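In: Sequence and predicted model, in that order:
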Protein chains: 2
Amino acid sequence: MIQTPYLLFLGDAPDPLAAKVAQGIRDWRPEFALGQYRMEGCNADMKLPDLSLAEAHAKGAKTLVIGVANRGGVISQKWKDVLHTALEQGFDLAAGLHNLLRDEADLVETARRHGRTLHDVRVPSVQYPIANGVKRSGKRLLAVGTDCSCGKMYTTLAMDAEMRQRGLKSSFRATGQTGILISGDGVPLDAVIADFMAGSIEYLTPDNDADHWDLIEGQGSLFHPSYSGVTLALVHGGQPDALVICHEPTRSHMRGLPGYKLPSIEAVRDMALELARVTNPACQAVGISVNTQHLSEAEAEKYLKDTEARLGLPATDPFRHGAGRLVDTLAAI
Amino acid sequence: MIQTPYLLFLGDAPDPLAAKVAQGIRDWRPEFALGQYRMEGCNADMKLPDLSLAEAHAKGAKTLVIGVANRGGVISQKWKDVLHTALEQGFDLAAGLHNLLRDEADLVETARRHGRTLHDVRVPSVQYPIANGVKRSGKRLLAVGTDCSCGKMYTTLAMDAEMRQRGLKSSFRATGQTGILISGDGVPLDAVIADFMAGSIEYLTPDNDADHWDLIEGQGSLFHPSYSGVTLALVHGGQPDALVICHEPTRSHMRGLPGYKLPSIEAVRDMALELARVTNPACQAVGISVNTQHLSEAEAEKYLKDTEARLGLPATDPFRHGAGRLVDTLAAI
């Protein structure tokens, strides 16, 4: 688990998009985001206080989170002075980049000397068990998608925010790098060894209060030939009581696979439900989360209305309209 | 790829069952099995020539395969003298044990000094690609099971042997440790990183002659909560043209999971076909392979007859009756 609160390192971000991890933390866990650290030439701004390392440390910041990805997702040599100084001043470091903090010998040495921790959220830090399929207490929701990258993380984060606001018990359960950096904990599922995938999700969503909801970030799609096995491990390891189906209606083919058409929302609902009922016979589909960012307001409204009528389930875009209607559905379960 | 032929190391096997890897090689790849090496107290016998290391080397043996598992699946200190001498005399070593040859510093040093290779078939030796879902030439069959350990490896090995005998083109494609040691090559799928599972199976079963069959060893079950993701990676990465459903009719529950009943053969057929058709719309179920070892001859005959009538597909036990009827089905595909 990554120590909070954070100082968000934006480095020399060439544009705001490069700082989307920092943006995610600022949006979803503002209480973790004490301030930002920007270097010369930084073109991103989270509208947080610009703090020096010493100032942030004095305010209680525990971890410097690399909230920026440069081209290639590597650790820039230009950042190194700041990273070393941060370790010397008592910060841990956290990153989700392709090349790992732990593979930078100089950072490892400085961290060792000062007793600090390097968090590479791309690689598991836990020896996960093999799944045992035993029923856990508490409730669980899983976001499943017609495709990769269609809004599963956003949907579960938005539901979590809505539930917190209503005073309901919920935990966003991250299964990817960005989600882990946002929430400070989780399972980097795509990097887990095959035999332990489902077990890692059982570990992530343990026994809980009867009225507590784990909102599990989905990955991949049961219909995506590259990653479907990862998705099925989530379906069986998560033992979800509720599924939200996530869809982006303007995709012409599965992400990265020009030869593969998207499945229908109905096909995903039916397949996911049938598989989910192997570990939780009571599992239900409760709603459809549509990513309408490429539709006009009028198109989005029509698409959502049609989808809702066709599926007989609430269909909403949590970005445009909030996650309220999705959260409403959980009251009955 | 492991260099053949082999000298089979039986060590101090406490009983014949402990040498089941050696048995598998002797049964399925007799041309690889030049001889056996037994230590004092060995209670297993493959009925192969007992050869010294020097004799085996003179006959052309390239690899000493550890064909025995002692309690705990570890590398016994008692074996060490033989293993060092083998490396010194020019043998590679291959093992599928829990603790790895490469983690024994003394063996690593001897192998390095003599330029030999240590094959730990439990861990991948290849950086597999991410699956691209592109159709490959040639034909593929996948064994899928109602459960783990119900005869999938046996079924595909028996079909491979039958096809070779008939002069047909086939390759047994191993996806587990024992299968890899038997055939000298394969993917240790349960140890592959999640993101690369399906890609590893595409890698294992590349383009081939139009009339060539890859017979892919299955793993797990789509209905086994611990390993279902591994199974789905096989279904999507393998792009099978044909499925054989494997079943052991006397199981009272899923292996290792007392709370989980076995699915019906029909449920596995329907689910596997629907998922397989995502990457290969022409996929068909061609037969049922029943492991009848716990049934009497009369019970087995009745069970197979009933199953065949119910499913409308050839149902056979390849151990009792050979794989001929399963191979016959492939002619039409």
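Out: Alright, I've got the coordinates. Residues are numbered from 1 along each chain as shown, chains lettered A, B, ... in the order given.

In: What lies in contact with the strand or helix carrying residue A:244?
Out: In this assignment (DSSP states H and E), residue A:244 forms part of strand A:242-247. For strand A:242-247, contacts defined as C-beta atoms under 8 Å, 6 or more residues apart in numbering or on different chains pick out A:139-147, A:150-152, A:155-156, A:159, A:218, A:265, A:268-269, A:272-273, A:276, A:283-291, A:326, A:329-330, A:333. C-betas here are computed from N, CA, C, even on glycine.

In: cool, stretch A:77-94 as well?
Out: In this structure, residues lying in contact with stretch A:77-94 by C-beta under 8 Å, 6+ apart are A:2-3, A:6-7, A:9, A:11-12, A:37, A:39, A:53-54, A:56-57, A:61-66, A:75, A:101, A:106-107, A:110-111, A:114, A:116-119, A:121, A:181.

In: at 6 Å instead, please
Out: Contacts made with stretch A:77-94 from outside it, assessed by C-beta atoms under 6 Å, 6 or more residues apart in numbering or on different chains, are listed as A:2-3, A:11, A:53, A:57, A:63-65, A:101, A:110-111, A:114, A:116-119.

In: what's the span of that stretch from first residue to last?
Out: One end of stretch A:77-94 sits 16 Å from the other (C-alpha to C-alpha, to the nearest Å).

In: same question for that stretch, mean pLDDT?
Out: For stretch A:77-94, mean pLDDT rounds to 97.

In: Return the distance of it from the chain's centre.
Out: Offset of stretch A:77-94 from its chain centre (C-alpha atoms, centre = their mean, to the nearest Å): 25 Å.

In: Now that stretch: buried residues?
Out: For stretch A:77-94, the neighbour count (16 or more other C-beta atoms under 10 Å in any protein chain shown) marks A:79, A:82, A:83, A:84, A:86, A:87, A:89, A:91, A:92, A:93, A:94 as buried.

In: quick one: what helix or strand has residue A:299 in it?
Out: helix A:297-311.

In: and the angle for that helix with strand A:242-247?
Out: Counting by axes from the mean of the first three to the mean of the last three C-alpha atoms, to 10 degrees, helix A:297-311 lies at 130 degrees to strand A:242-247.

In: Helix A:297-311 packs against which elements?
Out: Helix A:297-311 sits against strand A:284-290, strand A:315-316, with contacts defined as 3 or more C-beta pairs under 6 Å, 6 or more residues apart in numbering or on different chains; DSSP states H and E.

In: again, 7 Å this time
Out: helix A:265-279, strand A:284-290, strand A:315-316 (3 or more C-beta pairs under 7 Å, 6 or more residues apart in numbering or on different chains; DSSP states H and E).

In: what's the closest of these to residue A:133?
Out: Nearest of these to residue A:133, taken as C-beta to C-beta: helix A:265-279 at 5.9 Å.

In: now the strands for chain A?
Out: Using DSSP state E, the strands assigned to chain A run over residues A:6-11, A:33-38, A:63-66, A:92-95, A:118-120, A:139-145, A:169-173, A:212-216, A:242-247, A:284-290, A:315-316.

In: JSON lines please, covering these and showing distance to residue B:166.
Out: As requested, the strands of chain A are arranged in JSON lines below (distance: least, C-beta to C-beta, whole Å):
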{"stretch": "strand A:6-11", "distance to residue B:166": "64"}
{"stretch": "strand A:33-38", "distance to residue B:166": "68"}
{"stretch": "strand A:63-66", "distance to residue B:166": "60"}
{"stretch": "strand A:92-95", "distance to residue B:166": "57"}
{"stretch": "strand A:118-120", "distance to residue B:166": "53"}
{"stretch": "strand A:139-145", "distance to residue B:166": "44"}
{"stretch": "strand A:169-173", "distance to residue B:166": "53"}
{"stretch": "strand A:212-216", "distance to residue B:166": "50"}
{"stretch": "strand A:242-247", "distance to residue B:166": "47"}
{"stretch": "strand A:284-290", "distance to residue B:166": "49"}
{"stretch": "strand A:315-316", "distance to residue B:166": "55"}
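
In: Flag every residue of the stretch 201-333 of chain A that's near chain B.
Out: Residues of the stretch 201-333 of chain A lying close to chain B by C-beta under 7 Å from any C-beta of the partner chain are A:223, A:225-230, A:232-233, A:236, A:257, A:259-260, A:278-279.

In: quick revisit: give the rounded mean pLDDT of the helix holding residue A:299.
Out: For helix A:297-311, the mean pLDDT works out to 98.

In: orientation of it relative to strand A:284-290 in degrees?
Out: Calculated by the same axes, to 10 degrees, helix A:297-311 forms an angle of 160 degrees with strand A:284-290.

In: Now do the buried residues in helix A:297-311.
Out: Those buried within helix A:297-311 under the rule 16+ other C-beta under 10 Å are A:300, A:303, A:304, A:307, A:308, A:311.

In: cool, and stretch A:115-134?
Out: Within stretch A:115-134, the residues that count as buried by 16+ other C-beta under 10 Å are A:116, A:117, A:118, A:119, A:120, A:121, A:122, A:124, A:128, A:130, A:131, A:133.

In: quick one: terminal-to-terminal distance for that stretch?
Out: End-to-end distance of stretch A:115-134 (C-alpha to C-alpha): 39 Å.

In: what about the residue nearest in space to the middle of chain A, distance to chain B?
Out: Closest residue to the average C-alpha location of chain A: residue A:179 at 2.6 Å, with C-alpha atoms, centre = their mean. According to C-beta to the nearest C-beta, to the nearest Å, residue A:179 stands 16 Å off from chain B.
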